[in-house]
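Student: just a sequence and a predicted model for now, questions to come.
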Amino acid sequence: MRFCIRMVCGLSASARVPDVELIFTLSCRSCYGVVARNGILLHEMVSIRVARGVAVLGRFPLYPLMVQAKPTIVELDMNKLEEILRRLEAKELGAEDYETIKAVVGSYVYLVNAVGEKETTIRRLRQMLFGAKTEKTETVIGGSAIPGRTSASSEVGTESLRDADAAAEANDASRTSGEPPEKSPGHGRNGADAYTGAEKIEVRHPSLVPGDPCPECEEGTIYDTHRPGVLVRLVGQAPVGAKVYYLQKLRCNLCGVVFTAQTPEGVGPSKGDATVGSMIALLKYGTGMPFHRAEKLQESLKIPLPASTQWDIVEAQAKRAGPVFDELIRQAAQGEVVHNDDTGIKILEVMAERAQRSALAEEAAQSAGDDAAERSPKKRERTGTFTSGIVATRLVSGCAGHKIVLFLSGRQHAGENLRDVLTRRAADLPPPIQMCDALSRNLPEALTTILANCLAHGRRQFVEVANRFPQECRHVLESLSVVYHNDALARHQNLSPDERLLFHQRQSGPTMEALRVWLVDQIEGRLVEPNSALGGAIAYLLRHWEKLTLFLRVPGAPLDNNLCERALKKAILHRKNALFYKTCHGADVGDLFMSLISTCELSGANPFDYLTELERHADEASVNPQDWMPWNYRQSLGDLPAPAP
């Protein structure tokens, strides 16, 4: 028997041995589930020791424990734990035993604290103890993720699947023959072509040029092969560098006039150039590095950059980039498909205002008396603050084109923020396809959209109960895997929305209809208890079936909301590191930079280069912001007139 414990706390340095023994025996009872019911002790060998410890529990004080960082899982063999218990009774504990005891005590405190939190569910507790598991079909149900997959593919797809099957068979054959299997692509070193942002330097031969006689054979002629040798050299540097210029000053000894050397060309009057704000914004809002952490890093590199200075720089740059962000919102409103979702965020200014209003209301209620407080209806105020993510897709030449990511933080839910964005939609455009989960707060009030619900959320209902209902969940997950496989084939073949619709209707339609019939039979045939977890998962699919299968009726309708959820990871990363925004204005600055950076990433643009050029040409961008989007700003740079010599 193996037992997982978590090292999360340490004992007081002044704790005596009896204190440690009692806490340890009590922890054993909690972690092993050793309980006494109706006079019967379970796990007798351990329980006897627990009973002895509990009998003298009042004799020794329990010292406070120190909660430390995220726990580490340590596995103990049952026999080893029994040996420690025997040494504990004999009071012959060794140094290693005390480390194990600390871990067991930590597991007890960790579990007690976790169970005491109202947000803790059984599922979350299981994930904390054993780790979150993947939702891949082959991992959840075992075996192939796509049964009979060749029947759900086109001619091109069949060939690709045959190639994959042949590669898998060759891999298996090499494994049985003792040869190492081939590595999957994408897990090796990066070639020189991957360093698109690196400085390219051509190195000429020091003594030879094309057309010279060969110095080796002295008969041939040397020519350029146009295949140079490539050497990649990485260089470490501070995120923000600095140069100190000492301008010489000359003074006349007679008239006292001072002559100062001119500033070198390209050095402006400001302390930092356009790249400084771009790097700070990319670190803070692109990778989640807080200002104070960047300050410590810069300080250690002897190039000080205080957190307050960083904020002043990015705030000023955000103000100049405001017109481009407004244009980005306007273009997102014209998208054919919009995804939206939100996640929680803390804004201290909003929290303080809410606390102040609550205190004033409580004071007013006390002054009015209890009777008046009971008669007056209580208005429920929204207490949360959220960061909404909106991803809009605009079609280009009938195919999926530019993707625009917007982040909007404040009191409003995702649906309310989407409503504000869509109010800027052109009146002659048809309603967009909206992809979101089934929460009502994601819907834009008073605006019409073609609503699609996330199929991944419906699938997750079955993943969570697959260990209790393996056969039923296998049927659902395998059916949905066919649909996702077909969608991957459609992307691989670069099908237009209309072609993709026909492909899904032909290949995925029969599978989804068979799944719907099976789901109905499970409920109407009373094969599944409606109030069970599996019954709830089936009811979820049937209740939202029309919205979950919109991809079978409307061109361009996506399968799920994964695109928006992946985009929201940037806001979650910022929340994980910075914890909160201080003011609503700070949240607006963060939304602007995260929107621009995420849109650059989806457009294949370099976010550092984009933010830098946007800062350098802020005047031009404010006049024609539509020409300075992440997908066309390089063309606008090329159209600028050459600088005067």
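Tutor: Structure received.
Student: what residue ranges in this protein score low on pLDDT?
Tutor: The model of the chain has pLDDT under 70 over residues 1-77, 118-119, 123-124, 127-133, 142-188, 369-379, 396-400, 643-645.
Student: tell me how far the residue lying farthest from the centre of it lies from A261.
Tutor: Here the centre of the chain is the reference, and by CA atoms, centre = their mean the most remote residue is L254, at 68.8 Å. Separation of L254 from A261 (CB to CB, to the nearest Å): 21 Å. Just so you know, the C-beta spots here come from the backbone N, C-alpha and C atoms, and that holds for glycine as well.
Student: how about A361?
Tutor: For A361 relative to A261 (CB to CB), the value is 66 Å.
Student: just want to know which of the two has more residues nearby.
Tutor: The residue with more neighbours, out of A361 and A261, is A361; 14 against 11, by other CB atoms under 10 Å.
Student: buried stuff in the host helix or strand of the more buried one?
Tutor: Counting by DSSP states H and E, the element that carries A361 is helix 348-368. Neighbour counts over helix 348-368 (16 or more other CB atoms under 10 Å) mark 349-350, 354 as buried.
Student: wait, isn't P210 in contact with T225?
Tutor: No - assessed by CB atoms under 8 Å, P210 is found out of contact with T225, at 9.6 Å.
Student: surely P210 is in a helix?
Tutor: No - counting by DSSP: H, G, I helix; E, B strand; the rest coil, P210 is not found in a helix; it is coil.
Student: what about the nearest residue to it once chain neighbours are set aside, how many residues nearby?
Tutor: Using CB to CB, 6 or more residues apart in numbering and skipping the chain neighbours, the partner closest in space to P210 is D224 (4.6 Å). The number of residues packed near D224 is 10, by other CB under 10 Å.
Student: for C217, see how far away D224 is.
Tutor: Distance of D224 to C217, computed by CB to CB: 18 Å.
Student: cool, and E82?
Tutor: Using CB to CB, one gets 81 Å for the distance from E82 to C217.
Student: likewise for A281?
Tutor: Using CB to CB, A281 is found at 58 Å from C217.
Student: next: A361.
Tutor: 96 Å.
Student: then D273?
Tutor: When distance is defined by CB to CB, D273 is 53 Å away from C217.
Student: and L550, by the same measure?
Tutor: 72 Å.
Student: kindly report the same for T196.
Tutor: In this view, T196 and C217 are 39 Å apart by CB to CB.
Student: H504: neighbour count?
Tutor: H504 - counted by other CB under 10 Å - has 24 other residues nearby.
Student: more crowded one of A281 and C217?
Tutor: Legend: neighbour count by other CB under 10 Å for A281 and C217, higher for A281 (27 against 7).
Student: okay, and that one sits in which element?
Tutor: helix 274-281.
Student: and that helix, what does it pack onto?
Tutor: helix 307-320, helix 607-616 (3 or more CB pairs under 8 Å, 6 or more residues apart in numbering; DSSP states H and E).
Student: can you list those in TSV and add mean neighbour count and distance to L563?
Tutor: Shown next, in TSV, are these (neighbours: other CB atoms under 10 Å; distance: least, CB to CB, whole Å):
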stretch	mean neighbour count	distance to L563
helix 307-320	17	25
helix 607-616	20	18
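Student: out of these, flag the one nearest Q505.
Tutor: Of all the helices and strands packed on helix 274-281, helix 607-616 sits nearest to Q505, with 38.9 Å by CB to CB.
Student: so how far is the closest one off the chain centroid?
Tutor: The chain centre lies 24 Å from the centre of helix 607-616; the measure is CA atoms, centre = their mean, to the nearest Å.
Student: would you put the C-alpha positions of it in CSV?
Tutor: Below are the C-alpha coordinates for helix 607-616, written out as CSV (Å, rounded to 0.1, in the frame of the first residue of the first chain):
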residue,chain,number,x,y,z
PRO,A,607,4.8,42.2,-30.2
PHE,A,608,8.0,43.9,-29.2
ASP,A,609,8.6,45.3,-32.7
TYR,A,610,5.0,46.2,-33.0
LEU,A,611,4.8,48.2,-29.8
THR,A,612,8.1,49.9,-30.6
GLU,A,613,7.0,51.0,-34.0
LEU,A,614,3.7,52.1,-32.7
GLU,A,615,5.4,54.3,-30.2
ARG,A,616,7.8,55.7,-32.7
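Student: quick check: next helix or strand after that helix?
Tutor: helix 618-623.
Student: give the next helix or strand downstream of that next one.
Tutor: helix 633-639.
Student: tell me which residues of that following helix are tucked away?
Tutor: Result for helix 633-639 [16+ other CB under 10 Å]: buried residues 633, 636.
Student: other SSEs contacting that helix?
Tutor: Right, helix 633-639 is packed against helix 607-616 by 3+ CB pairs under 8 Å, 6+ apart.
Student: the stretch 101-250 of the chain: helices as residue ranges?
Tutor: Listed in chain order, the helices of the stretch 101-250 of the chain (DSSP state H, counting those that start in this stretch) span 122-130, 137-141, 155-176.
Student: assumed the residue farthest from the centre of the chain was part of a helix.
Tutor: No - the assignment for L254 (three-state DSSP) gives coil, which keeps it out of a helix.
Student: could you pull up the contacting residues of it?
Tutor: L254 makes contact with no residue, according to CB atoms under 8 Å, 6 or more residues apart in numbering.
Student: can you pull the contacts of P210?
Tutor: P210 sits next to 222-224 when contact means CB under 8 Å, 6+ apart.
Student: make it 10 Å
Tutor: When contacts are counted by CB atoms under 10 Å, 6 or more residues apart in numbering, P210 touches 221-225.
Student: try Y195
Tutor: Applying CB under 10 Å, 6+ apart, the residues contacting Y195 are 230, 232, 234.
Student: the last one touches A192, doesn't it?
Tutor: When you say that, I think you mean L234. No - using CB atoms under 10 Å, L234 is not in contact with A192, being 11.9 Å away.
Student: quickly list what's touching both of the two.
Tutor: With CB under 10 Å, 6+ apart as the test, L234 and A192 both reach A198.
Student: between those two, point out the one with more neighbours.
Tutor: For L234 versus A192, neighbours defined as other CB under 10 Å are more numerous around A192 (12 against 6).
Student: surely the more buried one touches V232?
Tutor: Yes - assessed by CB under 10 Å, A192 is found in contact with V232 at 5.4 Å.
Student: what sits in contact with each of the two?
Tutor: Shared contacts of A192 and V232, counting by CB under 10 Å, 6+ apart, come down to A198.
Student: so which residue is dead centre in this protein?
Tutor: K569 (2.6 Å).
Student: OK, contacts around it?
Tutor: Neighbour list for K569: 288, 343, 389, 576, 598 [criterion: CB under 10 Å, 6+ apart].
Student: that'll do, ta.
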